[in-house]
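[1] Dropping a prediction and its sequence here:
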Amino acid sequence: MQSHHLRQQHVVAAHLRHRQLHQQAGPLRRAALLQPVPMMKLVEVIGTSATSQDTFDSLLNFSKALGKTPVSCKDTPGFIVNRLLVPYMMESVRLHERGHGSKEDIDIAMKLGAGYPMGPFELLDYVGLDTAKFIIDGWSAMDPENPLFVPSEMLNKLVADGKYGRKTGEGFYKYK
């Protein structure tokens, strides 16, 4: 997205939660829709110093008019959902890499023990291993000292081998 094509009165609604929106859209109004949009009930409404309270309130109201539940967030990489979700998924991979649990047992533990609808490896395969790698590589480049953003050799190898998850038929699991 190029900000020079947008005018100040435009509102940006995007699925770019791996990066800060000011990197994508300049000082415009922001809302992040979660994928898949028709199914997800949440909208992350992003406020920055360039966002007026009237604009922010209009985004909250617009989200509600769409039947979504808005939450407010500062413009930080990953906003709320991905900032918590991606490190969780990556730590699951690192736990498996260290031999502390099989991917199957980690998935079952998170589904039955935490009430999640999918385990982290199932979710990684659903999101796409290439997408997860792209996000973690970007965050690692922005903040290389942050241990939450350390890339995974296992994830890197799967992506290098063209195993992206459900979309290619194989990732952490095989799909046919």
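    Thanks, I have it.

[2] A strand includes His45, no?
    In this structure residue 45 is Val, not His. Yes. The assignment for Val45 is a strand, going by DSSP: H, G, I helix; E, B strand; the rest coil.

[3] Mind listing the residues bridging to it?
    Ala31, Ser72 (DSSP bridges).

[4] Per-residue pLDDT of it, please?
    Val45 is assigned a pLDDT of 89 by the prediction.

[5] what separates it from Gly99, distance-wise?
    Here the criterion is C-beta to C-beta, to the nearest Å. By it, Val45 lies 42 Å from Gly99. Where you see a C-beta, it was placed from the backbone N, CA and C, and this is true even at glycine.

[6] go on, Val71?
    Taken as C-beta to C-beta, the span from Val71 to Gly99 is 37 Å.

[7] For these two, indicate the residue with more neighbours.
    Val71 (15 against 7; other C-beta atoms under 10 Å).

[8] show me the residues around the more buried one that make contact.
    Val71 makes contacts with 42-45, 80, as judged by C-beta atoms under 8 Å, 6 or more residues apart in numbering.

[9] For ChimeraX, what selects the buried ones among the residues you listed?
    Written as a ChimeraX command, the selection of buried residues from those, which uses 16 or more other C-beta atoms under 10 Å, is:
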select :43,44,45,80
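
[10] Let's have the contacts of Val71 in CSV, adding distance to Ile136.
    Shown next, in CSV, are the contacts of Val71 (distance: C-beta to C-beta, whole Å):
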residue, distance to Ile136
Leu42, 22
Val43, 24
Glu44, 19
Val45, 25
Ile80, 17
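
[11] with the contacts of Val71 in mind, which one is nearest to Lys103?
    Using C-beta to C-beta, Ile80 is the member of the contacts of Val71 that sits closest to Lys103, with 26.1 Å.
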